[in-house]
Every structure is written in structure tokens, then in C-alpha cells.
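J.: sequence plus the predicted model coming up.
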Amino acid sequence: MRASAAIENFLEMMSAERGAAENTLASYARDLEAVAEFIAARGVNLPDAASDDIRAYLDEMNRLGFAASSQARRLSALRQFFRFLYAEGFRQDDPTGILDAPKKQRALPKIMSEEVVGRLLDRAKLEAEDPATPDRLRAVRLHVLLETLYATGLRVSELVGLPVSVARSDHRFLLVRGKGSKERMVPLSAKAREAMSGYLTLRDAQPGSDDNPWLFPAFSESGHLARQVFARELKALAARAGIATAMVSPHVLRHAFASHLLQNGADLRAVQQLLGHSDISTTQIYTHVLEERLHQLVSEHHPLAD
């Protein structure tokens with residue numbers, strides 16, 4: 001079987017049987033095509049590759065300075081690809097079975113303090129409520145985006161892709177469709193509900209709003225606000241609030257949501273459910289952040305600290 005056909009069949013399986021998202025499928029396609037090109041230069045078809053071929057590719061990634069995380073991601077894609085070929089009877093073995101994943105240090109997430117998040121939200125609210133704000137709808141939209149993100153910890157793609165029907169059904173909760181089309185309920189804070197109500201009033205008054213199914217409509221290919229646009233507007237707001245833009249992004253606010261919950265006594269399992277993590281080990285990264293802060297606190301302030 002040609003490499004391109006094998007990759008296409010694998011992606012179809014991931015989409016149909018495992019419900020992989022478009023971004024996930026695109027990532028698998030890029031990774032597998034890159035490996036296929038390298039192995040083809042060795043005179044080998046990817047579906048027929050041996051362990052030595054794949055090890056040579058990983059060695060080349062290492063030589064070129066790819067991060068261990070990137071190498072591990074490519075190897076993970078290859079493992080799933082060859083397991084698919086084995087399950088379908090195209091191979092009698094899995095050449096990735098004897099390969100070890102590169103060791104990688106898991107980076108701790110950037111965290112914003114509660115005080116900094118408060119300043120950001122206060123600035124967004126101030127601009128949303130100021131009648132002199134040049135683009136009032138955009139300011140109100142940014143305010144509700146921030147309040148909702150910090151209240152729920154949604155992934156930015158989940159947030160900008162919310163249907164308007166979700167916001168109208170029950171202001172106390174949002175029904176979110178996350179990775180793998182899994183649904184979860186997330187509660188909205190009183191401030192987020194108030195911001196949402198004001199935004200919906202303005203949104204509904206816009207021409208053509210009835211015909212757009214998205215909560216945050218925009219003139220884009222998807223029909224809703226692009227996550228890159230939200231990220232730019234967020235950084236601009238941070239600059240106006242006197243906050244370093246390098247420390248602010250939608251994903252950092254998601255991290256802040258999780259770490260602030262844990263700091264204030266929330267259960268790790270509850271935070272896992274709210275974030276939509278399938279594996280609690282992903283959520284446990286936030287406990288490491290808290291441990292580092294406690295260690296730093298003792299090191300700096302304990303009278304017997306070295």
C-alpha cells in the first residue's frame with residue numbers, strides 16, 4: 001500500500017471511529033507525511049518501514065534540534081498509525097513497539113495572579129460600560145469573552161465556537177462540546193451571566209444576527225470570531241491595563257481558572273471535569289504549580305531557609 005493511501009485510510013478511521021477533531025487530523029497528517037518523506041528518501045515506503053527507519057528519523061529530528069516534546073508527538077502518531085495497519089492486517093508487526101519515547105520535561109503552565117486577572121477584568125468592564133468607547137459592541141464582546149473564559153476555563157476554540165442557543169437555554173450553565181465531541185456542563189458565575197445578558201441584548205440588535213447561529217458572529221470562514229482575533233484583542237486590552245502582554249493569552253486565563261480554583265480548595269477531580277481533561281494526570285500539572293509556589297514561599301520567608 002502506498003504511503004499516501006495508508007495515511008488517508010488511517011485518518012478516515014480516526015475521524016469515523018474515534019471522533020478526532022479537524023485540528024487533530026491535520027496534525028496527524030502533517031506528522032505522518034513528514035516521516036513518509038524522510039523514509040522515502042531511504043528508499044522505503046512508510047507502511048513497510050522497520051524500527052531502524054523510524055529510529056533514524058527520530059535521530060534526525062534530534063540532530064536538527066527538535067524539542068523532545070515534538071519527537072514524542074511524532075512517535076505517538078506513528079504508534080497509532082502502525083497499530084492501525086496491524087489491526088487491519090496490512091502488517092504482521094508494529095515497528096514502533098521497541099522504541100522508547102524521548103524524555104521530556106513537562107513545562108509548568110504560565111499562571112496569572114488573581115490580582116492581575118482582576119485588573120484585566122476591571123479594565124474590560126470599564127471599557128464595555130463607557131458610552132464613549134468607539135466600538136461598543138466589540139468592547140462588550142471582549143468583556144463577556146473574558147468573564148466567561150475565567151468563569152469556565154473553556155478552551156479558546158470551545159469559547160469562540162459556542163452556539164448562541166447554548167447561551168439562551170440556561171444562563172447558569174453552558175453545555176460545551178469539547179475534544180472528541182464530548183459534552184460537559186460548566187457553570188457561569190454571576191458576573192459572567194450579567195455580562196452575557198448585556199452582550200446578548202447588543203448582539204440581537206445587530207442586522208442579520210437572527211441568521212447567524214454563533215454566539216460571537218464574525219465575517220470569517222467559520223462564521224464566528226477567530227481565536228487569533230480574540231487573542232490579539234486580549235493582548236491589546238492587557239497593554240491598556242498596564243499588564244505585560246507576554247504573560248497574557250486565552251490559554252493563560254484557562255490556566256488561571258484552574259490554578260485559582262485549586263488554590264482556594266477545589267477538588268482536583270472537579271477541576272478535571274470542568275476543564276474537559278480525559279486523564280487526571282493532565283490536570284495534576286496545576287498541583288505542581290502550587291507545590292513550586294509553596295516551596296518558593298518557604299525558601300524566601302522561612303527564617304531557617306538557606
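T.: On my side now, so go ahead.
J.: got a pLDDT number for Lys104?
T.: Looking at Lys104, its pLDDT is 57.
J.: err, Arg83, not the other one
T.: On the pLDDT scale, Arg83 gets 93.
J.: ok, and the nearest residue to it once chain neighbours are set aside, which helix or strand is that part of?
T.: Closest residue in space to Arg83, ignoring its immediate chain neighbours: Asp94 at 6.0 Å, by Cβ to Cβ, 6 or more residues apart in numbering. Bear in mind the C-beta positions are built from the backbone N, C-alpha and C, glycine included. Assigned by DSSP states H and E, Asp94 belongs to no helix or strand.
J.: same deal with Leu174?
T.: Under the criterion of DSSP H and E, Leu174 resides in strand 173-177.
J.: could you export that strand as CSV, CA atoms only?
T.: The C-alpha coordinates for strand 173-177 follow below in CSV (Å, rounded to 0.1, in the frame of the first residue of the first chain):
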residue,chain,number,x,y,z
PHE,A,173,-24.7,26.7,32.8
LEU,A,174,-23.2,26.3,29.4
LEU,A,175,-23.3,22.9,27.6
VAL,A,176,-19.9,22.7,25.8
ARG,A,177,-18.9,20.3,23.1
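J.: for it, packing partners?
T.: If contacts are counted by 3 or more Cβ pairs under 8 Å, 6 or more residues apart in numbering; DSSP states H and E, strand 173-177 sits against helix 136-152, helix 164-169, strand 183-187.
J.: circling back: quick one: the residue nearest to Arg83 and Arg79 touch, right?
T.: Yes - with contacts counted by Cβ atoms under 8 Å, Asp94 reaches Arg79, the gap being 7.5 Å.
J.: what's near enough to touch the residue nearest to Leu200 when sequence neighbours are not counted?
T.: Nearest residue to Leu200 in three dimensions, chain neighbours excluded: Ala167, at 6.4 Å (Cβ to Cβ, 6+ apart). When the contact criterion is Cβ atoms under 8 Å, 6 or more residues apart in numbering, the partners of Ala167 are 174, 196, 200, 215.
J.: if I look at Ala167, how far off is Trp214?
T.: 10 Å (Cβ to Cβ, to the nearest Å).
J.: list the buried residues in stretch 110-127.
T.: Residues 111-112, 116-117, 119-121, 123-125, 127 are the ones in stretch 110-127 that count as buried (16 or more other Cβ atoms under 10 Å).
J.: inside strands: which ones of these?
T.: Secondary structure assignment (DSSP state E) places none of those within strands.
J.: and the two most separated of those?
T.: Using Cβ to Cβ, the pair of these lying farthest apart is Ile111 and Glu127, separated by 24.7 Å.
J.: now render the helices and strands packed on strand 173-177 as a markdown table, adding mean pLDDT.
T.: Converted to a markdown table, the helices and strands packed on strand 173-177 look like this (pLDDT from 0 to 100):
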| stretch | mean pLDDT |
| --- | --- |
| helix 136-152 | 96 |
| helix 164-169 | 87 |
| strand 183-187 | 90 |
